[in-house]
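> build the 3D model from these lines:
(chains A and B)
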Number of protein chains: 2
Amino acid sequence: MIFFYAPKACSFASHLALEHVGAEFEAHRLDFSKNQQRDDEYLSMNPKGRVPALMTDQGLLTENIAILAYIAQSFPEANLAPVNDPFQFARVQAFNSYLSSTVHVAHAHNYRGYRWVDADDPHSIEAMKAKVPDSMRECFELMENTMIEGPWVMGDNYTICDMYLFTICQWLEGDGVDINLFPKVANIFQLMNEDEVVKRVKAKELA
Amino acid sequence: MIFFYAPKACSFASHLALEHVGAEFEAHRLDFSKNQQRDDEYLSMNPKGRVPALMTDQGLLTENIAILAYIAQSFPEANLAPVNDPFQFARVQAFNSYLSSTVHVAHAHNYRGYRWVDADDPHSIEAMKAKVPDSMRECFELMENTMIEGPWVMGDNYTICDMYLFTICQWLEGDGVDINLFPKVANIFQLMNEDEVVKRVKAKELA
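Numbers count the residues shown, from 1 in each chain, chains lettered A, B, ... in the order given. Here you go, the predicted structure:
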């Protein structure tokens, strides 16, 4: 398999899952500062022009939610999701869906406001940035108070939800939000920062 | 099961799936014009204050992606997703993830801009609305040209992807986009508008 990622992007979640299960894959870095995700060669393979993307022998997969679930189902011995229980598996997917469609989207208004307003409208671009600390704080309050069971997101088992949550936690400081407002989140963040696989993926992505 | 929906909301996708598989459930309508999704009683059950939500005997599920996958896995005889093939199932989830985290989000800037800028900033709210036709058209071009196999999204089989796509297609006219620009999408929309289950759910939601 070939895995396409960019440092500090949401692809970290899928990268971590691949390393965690011991998958055999080649990691291919895209440099967003050089806009490599819009290169013709990459677009011809992944027309979305985004990361993560995972080329498998059956074809290409995109979207963290899908790649994380695929890894969990393909490596059941790693126990990264309750893949044999449709209800519990759906709870995992619901948490990750909230991260991708609400939390990641709230964050993206800090850096990619041009997706939703004219790029030549500095007032609106700045207005979006100004809202990010509040919207991110609201998302994390909701997760802390109503979704995260503790110690891990889904309770006693470390899952693909923790991997995705950790990825977005790395953006909180830049979004003007203090992670220590959320004790369960902060605990997951600390536990994972001490994890050897997490350390290895971070070092690899930033090398 | 009890299913919570609002007319014309994205909950239509999950509602359609439940009817399609013949699930036994009670449908509970929320009136967004009366802000019923923020009522204390509903929030105590679903703190997100959104739809869809599905109460099962195992607990509550939210998020279309998760509910649709749960229905497909729980009613495998309906063949609404390739639930026994992790790669093909991930492709289904990737398509639905694109709908929820990119397409639905693009649409939401037409009506719920207050999520991402100060509600008292009419310039930015209008700037977001102004961008919606372009951003929705781009999303549909990408789906038409690179994701939808035809005749259905995933090829020969009608899946939970078509249900979710159809739901968002119903918003295109209000977003200022002509569905006929996208022949494969328009074909799916037409086929489904003629489907008896689709007709029944539409009539029920608008009754």
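
> just give the nearest non-adjacent residue to residue A:46, would you?
The spatial neighbour of residue A:46 that comes closest, neighbours along the chain excluded (CB to CB, 6 or more residues apart in numbering or on different chains), is residue A:53 at 4.6 Å. C-betas here are computed from N, CA, C, even on glycine.

> got it, and residue A:119?
Sequence neighbours aside, residue A:125 is the residue nearest to residue A:119 in space, at 7.5 Å (criterion: CB to CB, 6+ apart).

> try residue A:139
residue A:103 is the one closest to residue A:139 (CB to CB, 6+ apart), at 4.6 Å.

> cool, residue A:150 as well?
The shortest distance from residue A:150 to any non-neighbouring residue, by CB to CB, 6+ apart, is to residue A:184 (4.7 Å).

> which residues does residue A:56 contact?
Residue A:56 is in contact with A:1, B:87, counting by CB atoms under 8 Å, 6 or more residues apart in numbering or on different chains.

> before we move on, the earlier item: what is the neighbour count of the residue nearest to residue A:139?
Residues lying near residue A:103 (other CB atoms under 10 Å in any protein chain shown) number 21.

> and it, which of the three is it?
Here residue A:103 is helix, with the state taken from DSSP: H, G, I helix; E, B strand; the rest coil.

> the residue nearest to residue A:150 and residue A:107, how far apart?
Separation of residue A:184 from residue A:107 (CB to CB, to the nearest Å): 19 Å.

> who has more neighbours out of those two?
More crowded of residue A:184 and residue A:107, by other CB under 10 Å: residue A:107, with 22 against 18.

> returning to that earlier point: and the residue nearest to residue A:46, how many neighbours?
Quick note: residue A:53 (other CB under 10 Å) scores 25 neighbours.

> what backbone torsions are found at it?
Backbone dihedrals for residue A:53, given as degrees, to the nearest 10, come out at phi -140, psi 140.

> would you map out the domains in chain A?
A:2-78+A:200-206, A:86-195 (automatic domain parsing).

> turn those domains into TSV, columns for mean pLDDT.
Below are those laid out as TSV (pLDDT from 0 to 100):
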stretch	mean pLDDT
domain A:2-78+A:200-206	97
domain A:86-195	98
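
> verify the stated contact: residue A:20 with residue A:166.
No. Taking CB atoms under 8 Å as the definition, residue A:20 is not a contact partner of residue A:166, at 11.5 Å.

> strands of chain A, start to end?
With DSSP state E as the criterion, chain A has strands at A:2-5, A:26-29, A:53-56, A:59-62.

> with just CA atoms, put the third one into CSV.
Provided in CSV are the C-alpha atoms of strand A:53-56 (Å, rounded to 0.1, in the frame of the first residue of the first chain):
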residue,chain,number,x,y,z
ALA,A,53,-5.3,8.8,0.5
LEU,A,54,-4.4,5.2,0.6
MET,A,55,-3.6,3.2,-2.5
THR,A,56,-4.3,-0.5,-2.0
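
> could you measure from the nearest residue to residue A:88 once chain neighbours are set aside over to chain B?
Spatial nearest neighbour of residue A:88, excluding adjacent residues (CB to CB, 6+ apart): residue A:82 at 3.8 Å. The gap separating residue A:82 from chain B is 11 Å, by CB to the nearest CB, to the nearest Å.

> how about residue A:82, what does it touch?
Each residue near residue A:82 by CB under 8 Å, 6+ apart is listed here: A:88-89, A:92, A:154, A:157, A:159.

> make TSV from those and add neighbour count to it.
Formatted as TSV, the contacts of residue A:82 follow (neighbours: other CB atoms under 10 Å in any protein chain shown):
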residue	neighbour count
A:88	19
A:89	20
A:92	26
A:154	20
A:157	17
A:159	25
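
> which residues touch the nearest residue to residue A:148 once chain neighbours are set aside?
Once flanking residues are discounted, residue A:148 sits nearest to residue A:184: 4.6 Å by CB to CB, 6+ apart. Contacts were defined as CB under 8 Å, 6+ apart; by that measure residue A:184 touches A:144, A:148, A:150-151.
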